[in-house]
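S.K.: no FASTA, just this:
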């Protein structure tokens, strides 16, 4: 439960910090959801606007008004996340954009240090897999995201006494748990498939690394929260973040909708 609260807190705060000048994360839907197999959970739908964050070769082949639609079904300790790449123009005209591009992430959590090598054997039995370990203390992150106050090697929690995470911390630190991710990327476009799939895997890895470093470094902010507290915080941050992201897009979307309706008529 503490990890779940910390994760929700981190995602909301990180999304708000990274949203500016019309880019970032717009929350479209966030509500309880019940699945016959997994039970009670939370369904979240987001639009991630990130055109300026793409490399130049990617910006050359995508529309300027571009976003990722992310849907997540959180049945903690099991979650499913799907990402679909869209542009406002193609979405409103009911045409697909890069229809063979998708990201699918399944997540499982266990109280160990990453020692379960068979956790996804059932889900990935027919897939080629590369196992990648992420160390939140030792692995390097992109320089633009680095903050000494969020570096687990130097941070020490006042409320829990956890930290500083020195070399070999996974062998000795308690309590400890592992977030296992099965990440599947498909981009079936000739000439770009390998380059795009490798790029997306790197981006996903960087996001997971940065997010979990922040969740650890922000522990004193969320450690005393209940689930009701963090849901209220999440709601408030989503509202503030949507305001930052959406205002710049509204006039453009209205113009595209009018154009789409005219074409349909």
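M.R.: Alright, I've got the coordinates. Only a predicted model underlies this, so the values are computations on that prediction, with no experimental measurement involved.
S.K.: Run through the stretch 51-200 of the chain and note the low-pLDDT ranges.
M.R.: Applying pLDDT under 70 to the stretch 51-200 of the chain picks out residues 51-67, 83-100, 126.
S.K.: Could you pull out the helices in it for me?
M.R.: Using DSSP state H, counting those that start in this stretch, the helices of the stretch 51-200 of the chain run over 56-59, 88-92, 169-172, 193-217.
S.K.: what comes into contact with the last one?
M.R.: Meaning helix 193-217. Under the criterion Cβ atoms under 8 Å, 6 or more residues apart in numbering, residues 3, 6-7, 9-11, 13-14, 55, 57-58, 101, 103, 105, 132, 134, 136, 139, 141-142, 145, 149-152, 155, 162-163, 165, 179, 181, 183, 185-187, 189 lie in contact with helix 193-217. Heads up, the C-betas are built off the backbone N, CA and C, glycines and all.
S.K.: From those residues, keep the buried residues only.
M.R.: Buried residues within these, counting neighbours by 16 or more other Cβ atoms under 10 Å: 3, 6-7, 9-11, 13-14, 58, 101, 103, 105, 134, 136, 150-152, 155, 162-163, 165, 179, 181, 183, 185, 187.
S.K.: Now go through those residues and say which are in strands.
M.R.: 101, 103, 105, 179, 181, 183, 185, 187 (DSSP state E).
S.K.: May I have the residues that are in contact with the fifth one?
M.R.: Right, residue 181. Residue 181 neighbours (Cβ under 8 Å, 6+ apart): 105, 106, 107, 204, 208.
S.K.: Of these - the most surrounded one?
M.R.: For these, counting by other Cβ atoms under 10 Å, the largest number of neighbours falls to residue 107: 20 neighbours.
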